[in-house]
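K.L.:
Predicted coordinates and the sequence they were generated for:
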Amino acid sequence: MSSNYIAVIDYHMGNLRSVEKAFQKLGARVVVTNDHELIAKADKIILPGVGAFSDGMKNLANLGLIELLNRVVIVEKKPILGICLGMQLFASSSREHGYNKGLGWLDAEVEKFDFSGINDVKIKIPHVGWNDIKLINFSSIYDGIINGLDFYFVHSFHMVAKQNIVTATSNYGYDFVASVKQENIHACQFHPEKSQQVGLRFLSNFMRGEC
Amino acid sequence: MLKHRVIPCVLLKNWQLVKSIGFSSYRTIGHPTSTARIYNSRDVDELIVLDIDASLGDEEINLEIIADIADECFMPLTIGGNIRSLDDITAVLKAGADKVAINTKALQDSSFISSAARRFGSQCVVASIDVKKYGDSYIVYNQRLGDLHIDPLSKVLEYEALGAGEILLTSVDRDGSTLGYDMKLLHYFKNKLKIPVIINGGMGCPDHACEAVNAGADAVAAAYVFHFTQYTPNDIKRSLQSNGIPVRMN
C-alpha cells in the first residue's frame, strides 16, 4: 500500500467510526488499525480515545504500540494528532485514579477539573457541550478558523502544559488547554469529528498541512 | 463558556422520520438519511432520534437506520428507543451514536441508569421522561405503561443521583402544538437539578425558545417548528443570541 493514508489507531478506546468518516468525508484514505506495519507506513497518525487514562495506556502497552509510536513519532517525526484521551496520553502523567505514567512526549500533566475555588453550583464535571476557543501561538492547524468559534468538548480531565506549546485555550470555570503543538505532535481536547464544519476544517488542516 | 443548544428531536417509525402531535397522529417528515443530511448541513448543535417502533412494539432498535443516520452526522447524536440492556447501548454506540436516551427501562428499573453511567460514562446517558398535566400538577406518562402517578421531578432527581448526564423532558400535552413550551413545568424544575435539562414539546417560534431558556432550560428540543413552519434552527439561535443568550453561531 502506498504511504498515502491516515492511520487511526484502534486501541479499543472509543468510537473510531466518527473519526474515520470525518476523514473519509474530507477525501482522505483512512485505515483504522492497530497493525504495526500499517501504522508505521501511514502518512499521518490519529490517536483518538474516550475513557480512562490508565485503560488507554494499558491497551497501548498490550498492543505493543508504545515502542512503535515512540519510534514513529519521536524518532521518525511522523505527524500525529491526539484527540481527547489521545491528547492526554501524550503527557508525562495523569492524576486519574492515582498516578499514571503517560507517553511522556509533552512536558505536561493531566489533572481533573477542580472548581473548589469557584462559587458556582452549575459548573458540573464532566465538561460537556459546545464551548468557544481562544487561539494562542499561531498554528496552521487553525488556518481559516477564526478566534472564538465553538468546538464540542466532553471530558473531566484536562492537560496542564507550558504556554509555549499551547495553541488554544477554552474556559470552563477557568481557562484550560484546548490544543497543543510540539513539532510534529498535535493534540486537541475537543472532538473535531463532532464539531461540524469547524471541526472538519481543523481535521482538513491537519490532513493537508505541513505538520 | 458553554452554549445553550437547539436540538432537533425526531421520531423514527416504519423506516421514516415522523412528527407526532400529543404523542399520536404521526406525520411523515422524510427519509432518515436525507433528513439527517439536511440537519447536518443546517449546522445543528446536536440531533436526537427516537425509534418509537422499537419502544412501542418492544422490539429491537433499528441499528441499520441508526448507522445510516450517524454516517450523516458530524455533530453529537443521541439515540433512544427501547434501550433495555448494556448490550443495547454498546450496539447503538457502535452504530455511531454518541449518547443514548433511556425512558421506559429507567421507569421499570432505575438502577439501569447507574449501570449505564458506570459502564459508558454519565455523559453518554440521557434520561428521558414524558410528562402530562394532571389537574394542577404533573404526572409521568409512558406510551407503553400509560399514566403513572409518579411525580416527574422526584423521578428525575432519582435519575440524576444515579448518574444520568442529562434529562430530556417532554411535555405530552404540548407535543406538536406550537403553543410554546410548558412554562409552569419548567418553573417546577427550575434550579432543582445540577445536570442539564433539555425541554421538548411545543416550540412554535423563536420567542418560545428564549422564554424556555430564561425559565431554566439548558437546551431546547423541537421538531414540528422545523418541519411545518418557516423557522430553521438558526432562526431560533439568532433570536436567542439577540436576547443575550449564549449560543453557538459558527
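P.N.:
Received it, and whenever you're ready, just let me know what you need. Residues are numbered from 1 along each chain as shown, chains lettered A, B, ... in the order given.
K.L.:
Check which helices and strands the helix or strand harbouring residue A:152 is in contact with.
P.N.:
Under the assignment given by DSSP states H and E, the secondary-structure element containing residue A:152 is strand A:150-155. Contacts defined by 3 or more CB pairs under 8 Å, 6 or more residues apart in numbering or on different chains; DSSP states H and E place strand A:150-155 against strand A:127-135, strand A:166-172, helix A:196-208. Any C-beta I mention is one placed from the backbone N, CA and C, and that applies to glycine too.
K.L.:
Quick check: phi and psi at residue 68.
P.N.:
Let's take chain A. In terms of degrees, to the nearest 10, the main-chain angles of residue A:68 are phi -60, psi -50.
K.L.:
that's the wrong chain, I meant chain B
P.N.:
Backbone dihedrals for residue B:68, given as degrees, to the nearest 10, come out at phi -60, psi -40.
K.L.:
cool, and the one 10 residues further on?
P.N.:
The phi and psi values for residue B:78, taken as degrees, to the nearest 10, are phi -110, psi 130.
K.L.:
Can you give me the buried ones in stretch A:108-115?
P.N.:
For stretch A:108-115, the neighbour count (16 or more other CB atoms under 10 Å in any protein chain shown) marks A:108, A:109, A:110, A:111, A:113 as buried.
K.L.:
Mind checking which of the residues you listed land in strands?
P.N.:
When DSSP state E defines the strands, the subset of those inside them is A:108, A:109, A:110, A:111.
K.L.:
Take those residues and write them to TSV, including pLDDT and distance to residue B:63.
P.N.:
Putting those into TSV (pLDDT from 0 to 100; distance: CB to CB, whole Å) gives the following:
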residue	pLDDT	distance to residue B:63
A:108	96	39
A:109	96	40
A:110	96	35
A:111	95	38
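K.L.:
Residue 162: how many residues sit nearby?
P.N.:
In the absence of a named chain, this looks at chain A. Counted with other CB atoms under 10 Å in any protein chain shown, the neighbours of residue A:162 add up to 12.
K.L.:
I was thinking of chain B, sorry if that wasn't clear
P.N.:
Close neighbours of residue B:162, defined as other CB under 10 Å, add up to 20.
K.L.:
That one contacts residue B:118, correct?
P.N.:
No: the pair residue B:162 / residue B:118 is not scored as a contact, 9.6 Å apart, by CB atoms under 8 Å.
K.L.:
Could you pick out the residues of chain A near chain B for me?
P.N.:
Contact residues, chain A versus chain B (CB under 8 Å from any CB of the partner chain): A:15, A:17-18, A:21-22, A:25, A:50-51, A:121-122, A:124, A:126-132, A:149-150, A:152, A:154, A:171-172, A:193-200.
K.L.:
Pull out the buried residues from the residues you listed.
P.N.:
When those are checked for burial by 16+ other CB under 10 Å, the buried set is A:15, A:17-18, A:21-22, A:50, A:124, A:126-132, A:149-150, A:152, A:154, A:172, A:193-196, A:198-200.
K.L.:
and stretch B:118-133, what's its mean pLDDT?
P.N.:
When the per-residue pLDDT values of stretch B:118-133 are averaged, the result is 94.
K.L.:
is any part of it close to chain A?
P.N.:
Yes: between stretch B:118-133 and chain A, judged by CB under 8 Å from any CB, the touching residues are B:121, B:122, B:123.
K.L.:
Buried residues in that stretch, which are they?
P.N.:
B:120-133.
K.L.:
Surely residue A:191 touches residue A:155?
P.N.:
No: Residue A:191 sits out of contact with residue A:155 when judged by CB under 8 Å, with a separation of 9.2 Å.
K.L.:
Spell out which residues are contacts of both of those two.
P.N.:
Common contact partners of residue A:191 and residue A:155 (CB atoms under 8 Å, 6 or more residues apart in numbering or on different chains): residue A:84.
K.L.:
Residue A:209 reaches residue A:143, doesn't it?
P.N.:
Yes: with the criterion set as CB under 8 Å, residue A:209 and residue A:143 qualify as a contacting pair; they are 7.1 Å apart.
K.L.:
Give me the spatial nearest neighbour of the residue nearest the centre of chain B, chain neighbours excluded.
P.N.:
Note on chain B: the residue nearest the mean C-alpha position is residue B:168, at 4.7 Å, using CA atoms, centre = their mean. Counting by CB to CB, 6 or more residues apart in numbering or on different chains, the nearest residue to residue B:168 once its immediate chain neighbours are dropped is residue B:128, at 4.2 Å.
K.L.:
List the residues that contact the one you found.
P.N.:
Neighbouring residues of residue B:128 by CB under 8 Å, 6+ apart: B:50, B:80, B:101, B:102, B:103, B:106, B:167, B:168, B:170.
K.L.:
burial count for the fifth one?
P.N.:
Residue neighbour count, defined by other CB under 10 Å, stands at 24 for residue B:103.
K.L.:
swap in the first one?
P.N.:
Residues lying near residue B:50 (other CB under 10 Å) number 23.
K.L.:
From the chain's centroid, how far away is stretch B:238-250?
P.N.:
Its chain's C-alpha centre and that of stretch B:238-250 lie 21 Å apart, by CA atoms, centre = their mean, to the nearest Å.
K.L.:
Equivalent analysis for stretch B:97-117, please.
P.N.:
14 Å.
K.L.:
Buried residues, that stretch. List them.
P.N.:
Of the residues in stretch B:97-117, those scored as buried under the neighbour-count criterion (16+ other CB under 10 Å) are B:97-107, B:110, B:112-117.
K.L.:
can you give me the helices in chain A?
P.N.:
Shown for chain A, the helices assigned by DSSP state H span residues A:16-25, A:36-41, A:53-62, A:65-69, A:85-89, A:196-208.
K.L.:
and these as CSV, adding distance to residue B:231 and mean pLDDT?
P.N.:
As requested, the helices of chain A are exported to CSV (distance: least, CB to CB, whole Å; pLDDT from 0 to 100):
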stretch, distance to residue B:231, mean pLDDT
helix A:16-25, 28, 93
helix A:36-41, 48, 97
helix A:53-62, 43, 94
helix A:65-69, 49, 98
helix A:85-89, 38, 96
helix A:196-208, 20, 96
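K.L.:
residue ranges with poor pLDDT in chain B?
P.N.:
Screening chain B residue by residue with the criterion pLDDT under 70, one finds no matching range.
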